[in-house]
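Student: curious how this folds, go ahead:
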Amino acid sequence: AGTITLVYSHDTRELTDILTDIQHQHHAAVVSTTHIHLDHHHCLEVLIVRGEGREIRRIADRLIGTKGVIHGKLTLTTTGEGMV
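Tutor: Next up, the predicted model:
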């Protein structure tokens with residue numbers, strides 16, 4: 001489980017639609033999304049995700065690497081169960 005944090009300009013053409021499409025393509029992994037307006041031009045979006053670490057990293061890489069995303073960060077966590 002973890003979070004993907006994105007900061008982006010909502011003025012970038014079609015960026016919001018692209019980010020939403022990526023999230024919909026991975027609807028089973030995206031548990032919740034919070035979106036706030038930082039100012040007149042910038043948005044902060046935090047996605048709560050869960051699933052295989054490899055899959056979550058791929059989703060985060062796609063989102064963070066999308067043209068127009070100013071800042072992005074993936075934070076993963078675990079219960080530790082099953083770890084030796």
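Student: how about stretch 25-35, which residues are buried there?
Tutor: His26, Ala29, Val30 (16 or more other C-beta atoms under 10 Å). In this view, the C-beta of every residue, glycine as well, is placed from N, C-alpha and C.
Student: wait, isn't the second one in contact with Arg57?
Tutor: By that I understand Ala29. No. The pair Ala29 and Arg57 does not pass the contact test of C-beta atoms under 8 Å, sitting 10.9 Å apart.
Student: closest to the centroid, which residue in the chain?
Tutor: Ile4 (3.8 Å; C-alpha atoms, centre = their mean).
Student: residue boundaries of the strands in the chain?
Tutor: 2-9, 30-37, 42-49, 69-76 (DSSP state E).
Student: can you list the strands that the second one pairs with?
Tutor: Spelled out, it's strand 30-37. strand 42-49 (antiparallel) (DSSP bridges).
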